[in-house]
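Asker: my questions are about this predicted structure, shown below with the sequence.
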Amino acid sequence: MYVQQAGFLLPVAVLLFVPLGLVDAIGEHGGEIDADGLEPGELAALLAAVVVQVATAAVGEVFYAGVAMTAVTESMEGRPRASIGRVMRTLPYGRLIAVDVLFAVGLGIGLALLVVPGLIFFARYILVAPVVEIERGGVAGSFRRSHELARGHALALLVLLGGLWLLTGALTSVLQDGGLWALGESLVADWAIAVVVGVAVTPVWAVAVCVVTWQLIHFDRGAPPGRDPARR
C-alpha cells in the first residue's frame, strides 16, 4: 500500500514537514532540558519544557495521518487514486490542525505527568485525525469517537502504534545524531535533518495508523469489505 500511494504520500510529506521541520529544530535548540541542580520552584518550568519538547516533536504527525487517510481509504476500497490537488482542496484543515495541536499538547502534558497518563492518552486518542477525515465530525466529537473505537483495544493500539512511534522516534534520533555529526550543530542542519526524517519516516507510521482506524471503523459499523466504513 505504501508503495502504491507513494506518489501522494511523499509530496504531501514534503509540503508539510519543510515548515514543521523548522519548528522541530527551534524546539531542539531552544528547549534543551537540564535537570541538574533543580530547585523546587523550578519544577513547573521543567514540566513546561518537557511539554514543549514533546509537543514540537509530535506536532504535524497526527495532521499528516489525517491527510494520509484519504489515500489509505482509496487503497482499502480499491478506488483509483485521487489527484493531490483535489484531495488538498477538500481536506477539513481547521479540524485537522486543531486535533493535531490538541493531541500534541495533551501527549506532552501526559508524558510530563509521570509518563503513564501520556500512554493512556496516546492509546485513547491516536486515531483522532483519521476519524476526522473519514467521518468529518467535529473536534470534540472526533476525540470521543477515537476513544470509543479504542475501547477494548487500548493495549493493542499502545503496543502496535506506540511501539511503531517509538521505533520511528529512535530511528529519527539515530539519523539526526548522524546528520549532526556530518553537518555540524546548527539550526539549519537540524532543520534539514528534521525535514528528511519527517518525509522518510512519518508516512510509514501514518499509514499504519490509518489502516488500523479504517479496520476499527469497518468492524464497528459492520460495513462489508470494499465499502466505505463511514457510510451506514
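Answerer: Cool, the structure landed. Numbers count the residues shown, from 1 in each chain.
Asker: what about the closest residue to residue 67 other than its chain neighbours, distance to residue 170?
Answerer: The shortest distance from residue 67 to any non-neighbouring residue, by CB to CB, 6 or more residues apart in numbering, is to residue 12 (5.6 Å). C-beta coordinates here come from the backbone N, C-alpha and C atoms, glycine included. Distance of residue 12 to residue 170, computed by CB to CB, to the nearest Å: 24 Å.
Asker: more crowded one of these two?
Answerer: Neighbour totals were compared for residue 12 and residue 170, and residue 12 leads with 21 against 10 (other CB atoms under 10 Å).
Asker: where does this structure have its least confident helix or strand?
Answerer: When the helices and strands of the chain are scored by mean pLDDT, DSSP states H and E, helix 43-58 comes last with a mean of 67.
Asker: let me see the contact set for the residue nearest to residue 67.
Answerer: By CB atoms under 8 Å, 6 or more residues apart in numbering, residue 12 lies in contact with 64, 67, 68, 84, 88.
Asker: one more: residue 157?
Answerer: Applying CB under 8 Å, 6+ apart to residue 157 gives the contacts 123, 126, 127, 150, 212.
Asker: let's have those residues in CSV, adding pLDDT and neighbour count.
Answerer: Output for those, formatted as CSV (pLDDT from 0 to 100; neighbours: other CB atoms under 10 Å):
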residue, pLDDT, neighbour count
123, 95, 21
126, 95, 26
127, 96, 31
150, 95, 23
212, 94, 21
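Asker: looking at the residues you listed, which is nearest residue 102?
Answerer: Comparing the contacts of residue 157 against residue 102 with CB to CB picks out residue 126 as the nearest, at 12.5 Å.
Asker: the closest one and residue 209 touch, don't they?
Answerer: Yes. Using CB atoms under 8 Å, residue 126 makes contact with residue 209 at a distance of 6.4 Å.
Asker: tell me, what's touching those two both at once?
Answerer: If you check residue 126 and residue 209 against CB under 8 Å, 6+ apart, the residues they both contact are residue 161.
Asker: now do the same for the one helix or strand residue 166 maps to: mean pLDDT, whole number.
Answerer: In this assignment (DSSP states H and E), residue 166 forms part of helix 163-183. Averaged over helix 163-183, pLDDT sits at 75.
Asker: please enumerate residues in contact with it?
Answerer: Outside of helix 163-183, the residues within contact range by CB under 8 Å, 6+ apart are 57, 122, 189-190, 192-194, 196-197, 200-202, 204-205, 208.
Asker: isn't residue 58 right up against residue 103?
Answerer: Yes. Residue 58 is within contact range of residue 103, at 7.3 Å (criterion: CB under 8 Å).
Asker: could you check which of the two is surrounded by more residues?
Answerer: More neighbours surround residue 103 than the other of residue 58 and residue 103, with 25 against 22 (other CB under 10 Å).
Asker: nearest residue to that one in space, please, no chain neighbours.
Answerer: Nearest one to residue 103, counting by CB to CB, 6+ apart, is residue 62 at 4.8 Å.
Asker: quick check: next helix or strand after the host helix or strand of that neighbour?
Answerer: Assessed by DSSP H and E, residue 62 sits inside helix 61-77. Beyond helix 61-77 on the C-terminal side, the first helix or strand identified by DSSP H and E is helix 84-90.
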